[in-house]
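Enquirer: Output the structure for:
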Amino acid sequence: MIRAFIIAGLAVAGVADGASAPVRIDEWTVPWEETRPRDPYADAKGRVWFVGQTGNYVAYLDPASGTFKRYEIEDGTYPHNLIVDRAGAVWFAGNRNGMIGKLEPATGAIKRYPMPDPAAGDPHTLVFDRKGDIWFTVQQGNFVGKLTVADGKVRLVKVPTANARPYGIAVDSKNRPWFNEFGTSKLGTVDPASFELKEYDLPDPDARGRRIAITSDDRIWYGDYVRGVIGRLDPATGKIQEWDAPSKRSALIYAMTADDRDRVWFVETGPQPNRLVGFDAKSLKVISETPIAKSGAKVVRHMSYDRATRAIWFGTDANTIGRATLP
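Expert: Below is the predicted model:
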């Protein structure tokens, strides 16, 4: 096992002028009640795909018309996350049946990619790399995996730390996947050529990161669900710095993403309604705080940034799909 030695720095974020100015948030009520719609992802046609985790479906919203279309999937899948490839195929994680599914929207046909190890029964979060292949986490199984799209081969890498619970995942410019270890105070990465896994200890043993984002300088950002801080790892030096979220320890930071202006956006799920917070990775200040108030969003678990429309998409446990249009 490889460990990194880290120099931790702690600072408190100042609030930039205009930080109280909210972004515009729109929400659409999903017509299938109490199905936990989550992890929306915009395709090239402007449709926004999402899964119904407790409803066992894949669906999309047409934001222009407000209409929804639903695709039934195998009972017991409990889909956790999805992503859409350049050809329009929808890939989703079967969180309770140990597979990744590929849905062809034109026909509704689904192809299954089962995990090669029965211990990897809960694929969690998927992300494309720069070649169009898929890296993913397996939380309870304690794996990180790669699905090579061309041949359908799945390769798993066991996380050496017991009960690490790999969770959020993102890919940097060098095609390396980075992930949170929600069961412990670490971040991890996998070398895409050798499949060697490396772990980085966070400054506080109580830290628990759920989601992760990467800015254009390949620095790794995480939100600490327990301690109410966001942190930045510089892989070149191993140095970590942290900044308090506006709600500090009551923030319960969950969903996180970065936009094309190197602003890191995260959701505080402790406040009710949840709050979307913007943090400028260059000025190192909070720039925006917006309540997700229409639905009274209980929990926002994951977000995706759509570069084409400069919008962040998210699902809520209040049974809505939301869009934050960024300034």
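Enquirer: tell me the strands in the stretch 151-300 of the chain, going along the chain?
Expert: Shown for the stretch 151-300 of the chain, the strands assigned by DSSP state E, counting those that start in this stretch span residues 153-158, 166-171, 177-181, 186-190, 197-201, 209-214, 220-224, 229-234, 239-244, 253-258, 263-268, 275-280, 285-291, 300-306.
Enquirer: show me what contacts the nearest residue to residue 82 once chain neighbours are set aside?
Expert: The shortest distance from residue 82 to any non-neighbouring residue, by Cβ to Cβ, 6 or more residues apart in numbering, is to residue 92 (4.1 Å). Using the backbone N, CA and C atoms, a C-beta is placed for each residue, glycine as well. With contact set as Cβ atoms under 8 Å, 6 or more residues apart in numbering, residue 92 has these partners: 51, 58, 73, 77, 79-82, 100-101, 103, 126.
Enquirer: right, and residue 156 touches residue 143 too?
Expert: Yes - between residue 156 and residue 143 there is a contact under Cβ atoms under 8 Å: 4.6 Å.
Enquirer: So if I had to pick from the two, which one is more boxed in?
Expert: Neighbours were counted for residue 156 and for residue 143 using other Cβ atoms under 10 Å; residue 143 has more, 24 against 18.
Enquirer: Quick check, pLDDT for the more buried one.
Expert: As predicted, residue 143 sits at a pLDDT of 98.
Enquirer: Make residue 1 into 544 and carry on from there
Expert: Yep, numbering from 544; the last one is residue 686 now.
Enquirer: That one pairs with what?
Expert: Residue 686 forms beta bridges with residue 681, residue 701, as assigned by DSSP bridges.
Enquirer: Ok, residue 740 next?
Expert: For residue 740, the beta-bridge partners are residue 733 (DSSP bridges).
Enquirer: Pretty sure residue 712 sits against residue 720.
Expert: Yes - the pair residue 712 / residue 720 is scored as a contact, 5.7 Å apart, by Cβ under 8 Å.
Enquirer: Common neighbours of the two, please.
Expert: Here residue 712 and residue 720 have 670, 678, 687 as joint contacts, going by Cβ under 8 Å, 6+ apart.
Enquirer: In TSV, list those along with neighbour count and distance to residue 831.
Expert: Formatted as TSV, the shared contacts of residue 712 and residue 720 follow (neighbours: other Cβ atoms under 10 Å; distance: Cβ to Cβ, whole Å):
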residue	neighbour count	distance to residue 831
670	20	25
678	24	30
687	28	32
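Enquirer: circling back: of the strands of the stretch 694-843 of the chain, which is nearest residue 586?
Expert: Taking Cβ to Cβ, strand 843-849 is the member of the strands of the stretch 694-843 of the chain nearest to residue 586, at 9.4 Å.
Enquirer: by contact count, what packs against the closest one?
Expert: Other helices and strands packing on strand 843-849, by 3 or more Cβ pairs under 8 Å, 6 or more residues apart in numbering; DSSP states H and E, are strand 580-585, strand 796-801, strand 806-811, strand 854-859.
Enquirer: What residues sit buried inside the last one?
Expert: Neighbour-count burial for strand 854-859, with 16 or more other Cβ atoms under 10 Å as criterion, is recorded at 854-859.
Enquirer: Quick one: mean pLDDT for stretch 825-835?
Expert: Rounded mean pLDDT across stretch 825-835 is 96.
Enquirer: Next: stretch 779-789.
Expert: 98.
Enquirer: and the contacts of residue 635, which are buried?
Expert: Among the contacts of residue 635, those scoring as buried are 594, 601, 616, 620, 622-625, 643-644, 646, 669 (criterion: 16+ other Cβ under 10 Å).
Enquirer: Output the residues you listed as a markdown table; include the columns secondary structure, pLDDT and distance to residue 817.
Expert: Output for the buried ones among the contacts of residue 635, formatted as a markdown table (DSSP: H, G, I helix; E, B strand; the rest coil; pLDDT from 0 to 100; distance: Cβ to Cβ, whole Å):
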| residue | secondary structure | pLDDT | distance to residue 817 |
| --- | --- | --- | --- |
| 594 | strand | 98 | 19 |
| 601 | strand | 98 | 24 |
| 616 | coil | 98 | 28 |
| 620 | coil | 98 | 27 |
| 622 | strand | 98 | 22 |
| 623 | strand | 98 | 19 |
| 624 | strand | 98 | 19 |
| 625 | strand | 98 | 21 |
| 643 | strand | 98 | 29 |
| 644 | strand | 98 | 29 |
| 646 | strand | 98 | 29 |
| 669 | strand | 99 | 23 |
